[in-house]
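A predicted structure for the sequence below; I have some questions about it.
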2 protein chains.
Amino acid sequence: MSRRPSPDPDRPGDGGAPAARRRPDPARRNARSRAAILGASLQLVGEVGYARLTIEAIAARAGVGKQTIYRWWPSKAAVLLDAFTESGGGEGAEDAAVPDTGDLGADLRAVLRATADEFSDPEFEAPYRALAVAGAQDAELSREFDARLADIGTELYVARLRSAREAGQIRDDVDLRLAAEMLTGPFFQRWLARRGPLDHAFTDALVDAVLAGLRPRG
Amino acid sequence: MSRRPSPDPDRPGDGGAPAARRRPDPARRNARSRAAILGASLQLVGEVGYARLTIEAIAARAGVGKQTIYRWWPSKAAVLLDAFTESGGGEGAEDAAVPDTGDLGADLRAVLRATADEFSDPEFEAPYRALAVAGAQDAELSREFDARLADIGTELYVARLRSAREAGQIRDDVDLRLAAEMLTGPFFQRWLARRGPLDHAFTDALVDAVLAGLRPRG
DNA sequence: TCTTGACGAGACGCAACGTCTCGTTCCATG
DNA sequence: CATGGAACGAGACGTTGCGTCTCGTCAAGA
C-alpha cells in the first residue's frame, strides 16, 4: 500500500505526518478533463439518479480514464459537490443576498418563492438531493457541503433578519439563527421527504407564520 | 401496495388476468427466519451503516438463504422499514399521543425533549437515518415510510394543537399542519443534516418560538 | 401417503468497485 | 531543442455484492 520509492518531494522535512501517497500536482492538472468530468456527473445524476450514478459511467461519458477521477476526488459525492457549486448551483451563495426593501415579509416571501421554484427545477434538484443524501450518510462530506452551500444560505436569512431587528421590525430578543431555521427547516423537510407541495402558497404561509412570532408584542 | 416489481415471465398461455409471478404464500412463511432477518438487519445497519449494508451480510448473519430475503422484500430499505417498525421504533406511533395537561407549551416541550433524546440514541438513529436517506431517493419507499411512521408523528402534533385551538389557547386561524411542520421541520433539518446540536435548549427554544406565533393577539 | 412450496445453501453471470500497469501527451527545466 | 517526469486515456485485474437460479430438505395440507 505505502510505497515510498524516494523521499517525499512534496513534504518539507518537518516532523509532520508521513505524506500518505504521492500527492498529485494541481499545477499539472488538465482543466479540460476536469470540466468534462464535472459536466458528465451533472448529466448523469439527472439521468439515472444518485443511487445508480457510477464512477465508471462518469469516466466513460467524460472520455476520461477512471484514474483521473480517483486521482482528484475521494468519492462520487465529492465530484458532484464540485460540479454543483461550479455550475452555478451555489449561484445564490456567495454574492447574493436576501433583498432588503424595508418590507421584511415581502423580501422573505420573494426569496422563498424563488427558492421553491429552484428546487422544483430538475436540473437543480437532482444534484442537490444527491448531495443532501450523501451528506446525511457522511459527516465529513456534510461539513463540506454545509460550508460551501447550506450554511451560506442560512447566513443570508440571518443577515436580513438582523437588519429587520435593527429597524425594530422584529423583537430584540429574537434568536436570528433559530428564526432562519424556522424558515428553512419546514421547507427542507417538505422538499427532501416529499411531505407536501413546494408551492408559493406554502412558502407564503410559512413566512407569515414565522413572522407572526417575531413581531414586537402589542 | 407493493406488487411484484418485475413483469411475470412465467405465465401459462391463457389470455386471462396476468397472475403475478408465483407469489409466495404468506401462510407458509417461516416466522423464525423472518425475525432473524429483521434482527440481523438492525444489528448490521448499526455496525456498518446503511451504505455498506448488504443483503448478503444480512442473510449470513441471520443464517438464512438470500432467496428468503428476496422472496419477501423488494429492497434492503424495505427490510429495514419492517425491522424498525416492529422493533418498537414506531412505538410512539400508533397508540401514543402528545400528552394533554392543558399546558400546551409544557406538553410540546416534553415531547420534543423526549424526541431529541430518542434521536440521539444510536440504536434508534442508525435505522431511522437509513430510512430517511432511502426515502429521499425513492418516492415509493418514501410514501410507505411516511404512512407508517412520519405522518403518524405529525398527526400527533396536529391533534394536540387542535385541542389547544379548541381551548382558545391559540388563534382560530392557525394552520395546524403548518404549525406542526414548524415544530418538526427545524428539528428534522438539524438532525438529518447535522446542522447543530439536538439538545433540550434547542427544542425548548423552538417550541417557544413557534408558540409565540400561534397565540391570540393582544 | 403424496404433493407442494418455503427453506438453507450456494453456484452463476454480471456490474462496479478501486488499484494497477501500459503507452502517450504535455510541460518545465536544463 | 532535448529530455525527464507527471498527468493522461485506456483498460486489465481481482474483489465484492447483486439478483437469479438450482439443489436437496422439510413441514403441512390434500
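Now that the structure is in, tell me what you want to look at.

give me the three-state assignment for residue A:111.
Assigned with DSSP: H, G, I helix; E, B strand; the rest coil, residue A:111 falls in the helix class.

where in chain A is pLDDT low?
Within chain A, the segments meeting pLDDT under 70 span A:1-21, A:90-95, A:218.

tell me the residues of it that contact chain B?
Contact residues (CB under 8 Å from any CB of the partner chain) of chain A with chain B: A:49-51, A:129, A:132-133, A:135-137, A:139, A:142, A:146, A:150, A:154, A:175, A:178-179, A:181-182, A:184-190, A:192-196, A:202, A:205-206, A:209-214. For glycine as for every other residue, the C-beta is placed from the backbone atoms N, C-alpha and C.

report the secondary structure state of the residue sitting nearest the centre point of chain A.
For chain A, residue A:149 is the residue whose C-alpha lies nearest the centre (CA atoms, centre = their mean; 3.3 Å). Here residue A:149 is recorded as helix under three-state DSSP.

same check on residue A:214?
Under three-state DSSP, residue A:214 comes out as coil.

list the contacts of it.
Residue A:214 is in contact with A:161, A:170, A:171, A:174, A:179, B:212, B:213, counting by CB atoms under 8 Å, 6 or more residues apart in numbering or on different chains.

and what of residue A:48?
residue A:57.

what of residue A:157?
Taking CB under 8 Å, 6+ apart, one finds A:98, A:108, A:179, A:180, A:183, A:184 in contact with residue A:157.

returning to that earlier point: out of the contacts of residue A:214, which is nearest to DNA strand D?
residue A:179 (42.9 Å; CB to the nearest atom of the strand).

just give the nearest non-adjacent residue to the closest one, would you?
Once flanking residues are discounted, residue A:179 sits nearest to residue A:161: 5.5 Å by CB to CB, 6 or more residues apart in numbering or on different chains.

ok, the one you found to residue A:101 distance?
With the distance defined as CB to CB, to the nearest Å, residue A:161 ends up 14 Å from residue A:101.

those two - which one has more neighbours?
More crowded of residue A:161 and residue A:101, by other CB atoms under 10 Å in any protein chain shown: residue A:161, with 25 against 8.

list the buried residues of whichever strand or helix holds that one.
Following DSSP states H and E, the helix or strand that holds residue A:161 is helix A:151-166. Residues of helix A:151-166 classed as buried by neighbour count (16 or more other CB atoms under 10 Å in any protein chain shown): A:153, A:154, A:156, A:157, A:158, A:160, A:161, A:163, A:164, A:165.

I'd say residue A:111 and residue A:99 touch.
Yes. With contact defined as CB atoms under 8 Å, residue A:111 and residue A:99 form a contacting pair (7.2 Å).

count of neighbours near the residue of chain A found nearest DNA strand D?
Closest contact between chain A and DNA strand D, by CB to the nearest atom of the strand, is at residue A:65 (2.8 Å). Counted with other CB under 10 Å, the neighbours of residue A:65 add up to 11.

now for it: which residues touch it?
residue A:59.

over to it: give its phi and psi.
Backbone torsions of residue A:65, given as degrees, to the nearest 10, read phi -70, psi 150.

quick revisit: buried members of the contacts of residue A:214 into PyMOL, please.
If you want just the buried ones from these in PyMOL, going by 16+ other CB under 10 Å, the selection is:
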select buried, (chain A and resi 161+170+174+179) or (chain B and resi 212+213)
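
spit out the contact partners of residue A:58.
Residue A:58 touches A:37, A:40, A:41, A:44, A:64, A:69, A:76, A:79, counting by CB under 8 Å, 6+ apart.

starting at the chain centroid, how far to the helix or strand containing it?
Assigned by DSSP H and E, residue A:58 belongs to helix A:55-62. Centroid displacement of helix A:55-62 relative to its chain, using CA atoms, centre = their mean, to the nearest Å, is 23 Å.

any buried residues in that helix, and which?
Neighbour-count burial for helix A:55-62 flags A:55, A:57, A:58, A:59, A:61, A:62 (criterion: 16+ other CB under 10 Å).

how about stretch A:104-118?
Quick answer for stretch A:104-118 (16+ other CB under 10 Å): A:104, A:107, A:108, A:109, A:110, A:111, A:112, A:113, A:115, A:116, A:118.

I'd say the third one and residue A:207 touch.
Yes. Because the distance of 4.6 Å satisfies CB under 8 Å, residue A:108 is recorded as touching residue A:207.

what sits in contact with each of these two?
Here residue A:108 and residue A:207 share the contacting residues residue A:183, scored by CB under 8 Å, 6+ apart.

can you pull out the residues in contact with stretch A:135-148?
Under CB under 8 Å, 6+ apart, the answer for stretch A:135-148 is A:75, A:77-78, A:81, A:85, A:90, A:93, A:131-132, A:134, B:49-51, B:129, B:132-133, B:136, B:192-195.

of those, keep whichever come out buried.
Buried, going by 16+ other CB under 10 Å: A:77-78, A:81, A:85, A:90, A:93, A:131-132, A:134, B:50, B:129, B:132-133, B:136, B:192-193, B:195, out of the contacts of stretch A:135-148.

sitting in helices, which of the residues you listed do you find?
Counted as lying in helices by DSSP state H, out of these, are A:77, A:78, A:81, A:85, A:131, A:132, A:134, B:129, B:132, B:133, B:136, B:192.

keep only these that also lie close to DNA strand C.
The subset of those within reach of DNA strand C, by CB under 7 Å from any atom of the strand, is empty.

after the helix holding residue A:58 comes which helix or strand?
Sequence order places helix A:66-72 as the next helix or strand after helix A:55-62, per DSSP H and E.

report whether that following helix contacts DNA strand C.
Yes. Helix A:66-72 is in contact with DNA strand C by CB under 7 Å from any atom of the strand, via A:66, A:67, A:70.

pull up the gap between the last one and residue A:42, please.
With distances defined as CB to CB, the gap from residue A:70 to residue A:42 amounts to 19 Å.

looking at these two, which one has more neighbours?
Ranked by neighbour count (other CB under 10 Å), residue A:70 and residue A:42 place residue A:42 first, with 22 against 12.

for the residue nearest to that one when sequence neighbours are not counted, what are its contacts?
Spatial nearest neighbour of residue A:42, excluding adjacent residues (CB to CB, 6+ apart): residue A:83 at 5.0 Å. Shown in contact with residue A:83 (CB under 8 Å, 6+ apart): A:37, A:38, A:39, A:41, A:42, A:127.

same thing with residue A:37?
Taking CB under 8 Å, 6+ apart, we find residue A:37 in contact with A:58, A:59, A:62, A:64, A:68, A:69, A:79, A:83.
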